[in-house]
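Novice: structure for the following, please:
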Amino acid sequence: MQHGPLLLQLVAILATARACGLLLRYLGQPPVIGEMAAGLVLGPIVFGAWQPGIHAALFPPESLDGLASLAELGLVLFMFVVGLELRAPQGVRAQLRSAGLVGVASVLVPMALGFAVSPWLHPYAPEGVGFWPFALFMAAAMSITAFPILARILKERAMTHTALGRLSLSGAAIADMLAWLMLALVVALVGEGEGHAGFLRASVGLAVLAGVVFGVLRPLFARLLRLHAADGVPSLMVLAALLVGAFSCAAATEWLGVHAVFGAFLFGACLPRDDRLLGSLVERGEPLAIVVLMPIFFALAGLGTTPDAFVGAGLGAMLLILVVAVVGKVVGGAVGARLSGLGWRDSLAVGALMNARALMELIVMKVGLDAGIIGPDIFTMLLVMAILTTVLTGPLLTLFLGRKTAAGPGLRPPARAAAAADGRAD
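Specialist: Okay, the predicted model is just below:
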């Protein structure tokens, strides 16, 4: 791979991502939605159809390995921070039952609908992929909620500390843990063609790794941070140790036949819940991971799409995925919130918040594509679904609650949180 094409690719990717992000911010949407859409713009559906010769010269298949490696690095760093950021929202113990109802219902309902439509979608799966692994993956893909973007939406609307906001955050945290666990098991089941032996190896390996991470690494790194980063700002040596831990766990899950993102997420989740540490890591890692590496991931996602997904019955399949995704999350979240005691308007608002998927759905899609469970057609459909469901979250929230609670995009988080939210609101 020559440096010339790579540098030109980076220029095109970063410029397009920033432009689309600014456009979506102007329209009152999180900039990350624009950056996700930039992947579609750079892919064969838009740029490839408009200027096929230039597109083929700029993104020849043999030049994409370097971009793929950079995207993988960005994904691992991002999931490490997501694991570090995931915590029980304030007051979750007092409403554990209610949060559990919202979390479980907002997973089970879309999962059930994902199973129900899988017979119609299975013909789009790669040849040789059995129905049940595919159906399990689609169920998991439908059940994902983007916890960080949900937190940003609540912050912008001054709802973070309301009963509805705390319940939504708590329910989303539980829902994501359940969905990621199921996704890990699905990938382990496929296991590079090893069948049940591969599933058993991956499942036992994940359990052992989780035991090591939380039983050994957690107290070890807690002591390290307490002694050498008491102010929440790790030195370069401590930062290197954290990255070694994240990369080691990512390599371990990849060796087990499960995607590297699970190991990075697991290591981040074992670290102390310290806002100062989180802010320091975001401040140091954001320029590289968020500004450079994640747009590369979006671009590769767009390059992996295909216009064939919208041809003939494919358009109907994509609409089916979109309807099932929206209905499953809104109804599931609303039912859980209603059972926990909220009124119907507030319950539907919780369901609308659960419907935000954004970047987390892209990561799920990438895991499924790498594992060979889905092909370009379903990948394209899920990418469109991830963008549209996240765009719909704000309008649905306003519809269910009314404009009196919608502070709008002008209300911004505090400086540090805003910097994180603008880049990592997925």
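Novice: in the protein, which residue is most central in space?
Specialist: residue 360 (0.9 Å; CA atoms, centre = their mean).
Novice: and whichever strand or helix holds it, what does it pack onto?
Specialist: Per DSSP states H and E, residue 360 falls inside helix 358-370. Applying 3 or more CB pairs under 8 Å, 6 or more residues apart in numbering; DSSP states H and E, we find helix 358-370 packed against helix 31-42, helix 64-85, helix 131-142, helix 147-156, helix 163-190, helix 294-303, helix 376-401. Using the backbone N, CA and C atoms, a C-beta is placed for each residue, glycine as well.
Novice: next, format these as CSV and append mean neighbour count, distance to residue 99 and mean pLDDT.
Specialist: Listed next are the helices and strands packed on helix 358-370 as CSV, based on neighbours: other CB atoms under 10 Å; distance: least, CB to CB, whole Å; pLDDT from 0 to 100:
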stretch, mean neighbour count, distance to residue 99, mean pLDDT
helix 31-42, 26, 25, 89
helix 64-85, 21, 17, 87
helix 131-142, 23, 20, 92
helix 147-156, 24, 13, 76
helix 163-190, 23, 3, 81
helix 294-303, 26, 29, 91
helix 376-401, 22, 19, 92
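Novice: among those helices, which is nearest residue 224?
Specialist: Among the helices and strands packed on helix 358-370, helix 64-85 comes nearest to residue 224, with 14.6 Å by CB to CB.
Novice: give me the distance from stretch 203-214 to the chain's centre.
Specialist: Here stretch 203-214 is found 22 Å from its chain centre; the criterion is CA atoms, centre = their mean, to the nearest Å.
Novice: how about the closest residue to residue 133 other than its chain neighbours, what does it touch?
Specialist: Of all residues not flanking residue 133 in the chain, residue 190 sits nearest, at 5.2 Å (CB to CB, 6 or more residues apart in numbering). Counting by CB atoms under 8 Å, 6 or more residues apart in numbering, residue 190 makes contact with 129, 133, 198, 371-373.
Novice: can you tell me how far residue 190 is from residue 263?
Specialist: In this structure, residue 190 and residue 263 are 18 Å apart, going by CB to CB, to the nearest Å.
Novice: circling back to that earlier point, next, the buried residues of the helix holding residue 360.
Specialist: Using 16 or more other CB atoms under 10 Å as the test for burial, helix 358-370 gives 358-369.
Novice: could you do stretch 24-33 as well?
Specialist: 24-25, 29-33.
Novice: for the stretch 301-426 of the chain, give me the ranges with low pLDDT.
Specialist: Scanning the stretch 301-426 of the chain for pLDDT under 70 picks out 403-426.
Novice: ok, 50 please
Specialist: 404, 406-426 (pLDDT under 50).
Novice: and the residue nearest to the residue nearest to the centre of the chain when sequence neighbours are not counted, what pLDDT?
Specialist: Excluding the flanking residues, the one nearest residue 360 by CB to CB, 6+ apart is residue 146, at 4.3 Å. In this model, residue 146 is scored at 82, pLDDT.
Novice: residues near residue 146, how many?
Specialist: Residues near residue 146, counting by other CB atoms under 10 Å, number 32.
Novice: now it. Its backbone dihedrals?
Specialist: As for residue 146, its main-chain torsions (degrees, to the nearest 10) stand at phi -90, psi 100.
Novice: distance of it from residue 261?
Specialist: Taking CB to CB, one finds residue 146 at 14 Å from residue 261.
Novice: show me what the helix or strand hosting residue 323 is packed against.
Specialist: Element membership of residue 323 [criterion: DSSP H and E] is helix 313-339. With contacts taken as 3+ CB pairs under 8 Å, 6+ apart, helix 313-339 sits against helix 96-121, helix 131-142, helix 163-190, helix 344-354, helix 376-401.
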